[in-house]
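Q: here's a sequence, model it:
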Amino acid sequence: MIVVLAGAVAAALVAFVGGLLLPADRRRGAALVIAFAVLISTTSGSAPDIVRHAAVAAVAGVSVAALVSPRSWSLGRPRATLATTAFFAFSIVCVLALAPSTIVLMAELAAIGVAVSWLVSTSSPRDLRVFVRGLVVLGLAQVVVGVVELTVTHRPIPFGYKVLATGRSFVSDNKILPGGLVRVEGTLGHPIPYAVFLAVCLVLVLVARRAFPVWFPPFAVLVLSAGILLSGSRSVVAAVLLAVTYVLMTSEARSRAAKIVLTVLAALAGAAALASEIVEAVGTLVASGSYENRMGAVRSVPGLLARPALEALAGSGFGSEAELYARGLLPQEGFTVVDNQLVTTLATFGIAGIVSLVAALVVGFVHASRAGRAVLVVMIVTLFSFDYFVWFSTSAMLWAFCALQDRPGDDRAALDPAGADPSGSHRGRDDRSRDDRVLGDASDRPGLVVGTLTAAR
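A: The predicted structure is shown next:
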């Protein structure tokens, strides 16, 4: 533990000194990129415990160093960050009362979640552009790692497959692509967190396309889509489709109808051409054990609500899933993973916990920018198919993009000179959030064009 704390202090000092070399309005963005680079590469379930502890300590140190950096820009009220902090405060109180043996893990999850949330909510527009660009680059690097895993090493880099106490690992066949391929997971330790990370990057490319060179979004969308398919995660594919639908429905008013019509026609043509394959895929999904397990999680809700009053209210304790399986309160289909974060929260933190979580998500979604909401569509849909709160990288993405708020005080003309109305009026600018323009500051890249989303599709 002393070594871990020393590492955190060292990371904070290095980040503080290194941050002095960057402009103040880019330090938080750089810290976020470093934080996620560390989280996605060293905190998977297959990583040694000491590596995970050191990584969390390093991320905390870098975050603190960035947060104490002075800033000159104004901020709105960090509603989502306050809601996130309240959720973790409640969680820690419950852990101390009901499952004190798990306090280290909960404290680490809370430290990471609160740190990235505060970093995002106090970031400047330039910080956010650094963050988005850096995150997408990390996503493309993960696709390369996944291809190397599939074709060269035949095992995840760098720690291999996670082997559970039962002897089972996460190795499974890819049910999306033909050829009997194995699902890839990059450095994230499981195919679903891997796919979720790539999905977040893909959605960011579509929403914040003006943050990149004109040629980049089509290229990135193709590469990231390939990575998601290599993961074999059908639930993440569905989440991406819903997020893309949200992006289309909130795109520029003057081109929205044409984009929707073209997308619907393309979807109908694809469905007609692949009708037999789609029917077969749906049949395979319904017959799969994962589908039955997730439906079983939903069916377990009445039993969880019928527990003794105190347990129903506050749960049975963080990490108590094994006890609940033994009591028959969680699905009995043979799996020992709930695969539904909402049901898991209800089981371990009770009604109070699920209310606290939903409240934090609602506050985040309501006040989020367009980019934040598009990412949250992916993250919220995934809540119904995976228990990702104990995965540092995935849960950190949820809390980071909950904090990506729309900022009424931003000067649109300063952030997007090419798009500003010379009369000072913003009528007809449709319902795109200001963050869409913040992330695509035309003053940084005057050669960008607006039609990349159509090209990317």
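Q: which of the helices or strands spans residue 303?
A: helix 301-305 (DSSP states H and E).
Q: same deal with residue 80?
A: Per DSSP H and E: helix 79-98 holds residue 80.
Q: mind exporting that helix as PDB, just the C-alpha atoms?
A: The C-alpha trace of helix 79-98 is given here as PDB (Å, rounded to 0.1, in the frame of the first residue of the first chain):
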ATOM      1  CA  ARG A  79     -25.200  19.400 -11.300                       C
ATOM      2  CA  ALA A  80     -24.300  16.000 -12.700                       C
ATOM      3  CA  THR A  81     -21.000  15.900 -10.900                       C
ATOM      4  CA  LEU A  82     -22.700  16.800  -7.600                       C
ATOM      5  CA  ALA A  83     -25.200  14.000  -8.300                       C
ATOM      6  CA  THR A  84     -22.400  11.600  -9.000                       C
ATOM      7  CA  THR A  85     -20.600  12.600  -5.800                       C
ATOM      8  CA  ALA A  86     -23.800  12.000  -3.800                       C
ATOM      9  CA  PHE A  87     -24.300   8.600  -5.400                       C
ATOM     10  CA  PHE A  88     -20.800   7.500  -4.400                       C
ATOM     11  CA  ALA A  89     -21.200   9.000  -0.900                       C
ATOM     12  CA  PHE A  90     -24.300   6.900  -0.400                       C
ATOM     13  CA  SER A  91     -22.500   3.800  -1.800                       C
ATOM     14  CA  ILE A  92     -19.600   4.200   0.600                       C
ATOM     15  CA  VAL A  93     -21.900   4.600   3.600                       C
ATOM     16  CA  CYS A  94     -23.700   1.400   2.600                       C
ATOM     17  CA  VAL A  95     -20.400  -0.500   2.100                       C
ATOM     18  CA  LEU A  96     -19.100   0.600   5.500                       C
ATOM     19  CA  ALA A  97     -22.300  -0.500   7.100                       C
ATOM     20  CA  LEU A  98     -23.000  -3.800   5.200                       C
END
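Q: now it: mean pLDDT?
A: Across helix 79-98, pLDDT averages out at 96.
Q: list the buried residues for it?
A: 79-85, 87-88, 90-92, 94-95, 98 (16 or more other Cβ atoms under 10 Å). Glycine gets a C-beta too; all of them are placed from N, C-alpha and C.
Q: distance between it and the chain's centre?
A: 19 Å (Cα atoms, centre = their mean, to the nearest Å).
Q: what of stretch 226-241?
A: 14 Å.
Q: end-to-end on that stretch?
A: Stretch 226-241 has its terminal residues 14 Å apart, counting by Cα to Cα, to the nearest Å.
Q: go through it and flag the buried ones.
A: 227-237, 239-240.
Q: which residues sit against it?
A: 139, 142-143, 146-147, 150, 172-177, 181, 183-185, 191-192, 194-196, 198-199, 202-203, 285, 377-378, 381-382, 384-386 (Cβ atoms under 8 Å, 6 or more residues apart in numbering).
Q: pLDDT on it, on average?
A: So the average pLDDT for stretch 226-241 ends up being 93.
Q: swap in stretch 303-319?
A: 95.
Q: enumerate the positions of it that are buried.
A: Neighbour-count burial for stretch 303-319 [16+ other Cβ under 10 Å]: 304, 307, 311-312, 314-319.
Q: contacting residues around it?
A: 91, 94-95, 97-99, 101-102, 105-106, 323-324, 328-329, 343, 345-353.
Q: need the distance between the two termini of that stretch.
A: Stretch 303-319 end-to-end distance (Cα to Cα) = 18 Å.
Q: mind telling me what element the nearest residue to residue 140 once chain neighbours are set aside is part of?
A: Leaving aside its sequence neighbours, residue 140 sits nearest to residue 223 (Cβ to Cβ, 6 or more residues apart in numbering; 5.8 Å). Taking DSSP H and E as the definition, one finds residue 223 inside helix 216-231.
Q: now the buried residues of stretch 303-319 as TSV including secondary structure and distance to residue 397?
A: As requested, these are exported to TSV (DSSP: H, G, I helix; E, B strand; the rest coil; distance: Cβ to Cβ, whole Å):
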residue	secondary structure	distance to residue 397
304	helix	27
307	coil	32
311	helix	31
312	helix	30
314	helix	27
315	coil	24
316	coil	27
317	coil	26
318	coil	21
319	coil	22
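Q: any idea how far apart the tips of stretch 170-189 sit?
A: End-to-end distance (Cα to Cα), stretch 170-189: 8 Å.
Q: now do stretch 201-216
A: 13 Å.
Q: OK, contacts around residue 130?
A: Taking Cβ under 8 Å, 6+ apart, one finds 26, 29-30, 32-33 in contact with residue 130.
Q: can you state the direction angle for the longest helix along the chain and helix 79-98?
A: When the chain is parsed with DSSP state H, its longest helix is helix 341-367. Put simply, helix 341-367 runs at 150 degrees to helix 79-98, going by axes from the mean of the first three to the mean of the last three Cα atoms, to 10 degrees.
Q: next, the buried residues of stretch 172-191.
A: Going by 16+ other Cβ under 10 Å, stretch 172-191 has these buried residues: 174-176, 182-191.
Q: and for stretch 57-71?
A: Going by 16+ other Cβ under 10 Å, stretch 57-71 has these buried residues: 57-66, 69.
Q: CA atoms only: put it into PDB for me.
A: Below are the C-alpha coordinates for stretch 57-71, written out as PDB (Å, rounded to 0.1, in the frame of the first residue of the first chain):
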ATOM      1  CA  ALA A  57      -3.500   5.700  -7.600                       C
ATOM      2  CA  ALA A  58      -1.700   7.100 -10.600                       C
ATOM      3  CA  VAL A  59      -5.000   8.200 -12.200                       C
ATOM      4  CA  ALA A  60      -6.100   9.800  -8.900                       C
ATOM      5  CA  GLY A  61      -2.700  11.600  -8.700                       C
ATOM      6  CA  VAL A  62      -2.900  12.900 -12.200                       C
ATOM      7  CA  SER A  63      -6.500  14.100 -11.700                       C
ATOM      8  CA  VAL A  64      -5.700  16.000  -8.500                       C
ATOM      9  CA  ALA A  65      -2.700  17.700 -10.200                       C
ATOM     10  CA  ALA A  66      -5.000  18.800 -13.100                       C
ATOM     11  CA  LEU A  67      -7.800  19.900 -10.800                       C
ATOM     12  CA  VAL A  68      -5.600  22.200  -8.800                       C
ATOM     13  CA  SER A  69      -4.400  23.900 -12.000                       C
ATOM     14  CA  PRO A  70      -5.700  27.500 -12.200                       C
ATOM     15  CA  ARG A  71      -8.400  28.300 -14.700                       C
END
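Q: average pLDDT for it?
A: For stretch 57-71, the per-residue pLDDT averages 91.
Q: returning to that earlier point: run the chain-centre distance for the longest helix of the chain.
A: 16 Å.
Q: after that helix, next one along is what?
A: Counting by DSSP H and E, what follows helix 341-367 is helix 370-383.
Q: pLDDT of the next helix or strand along the chain from that following helix, averaged?
A: Helices and strands here follow DSSP H and E; after helix 370-383, the next one along the chain is helix 392-402. For helix 392-402, mean pLDDT rounds to 97.
Q: returning to that earlier point: just the buried ones from the contacts of stretch 303-319?
A: 91, 94-95, 98-99, 102, 105-106, 324, 329, 343, 345-351, 353.
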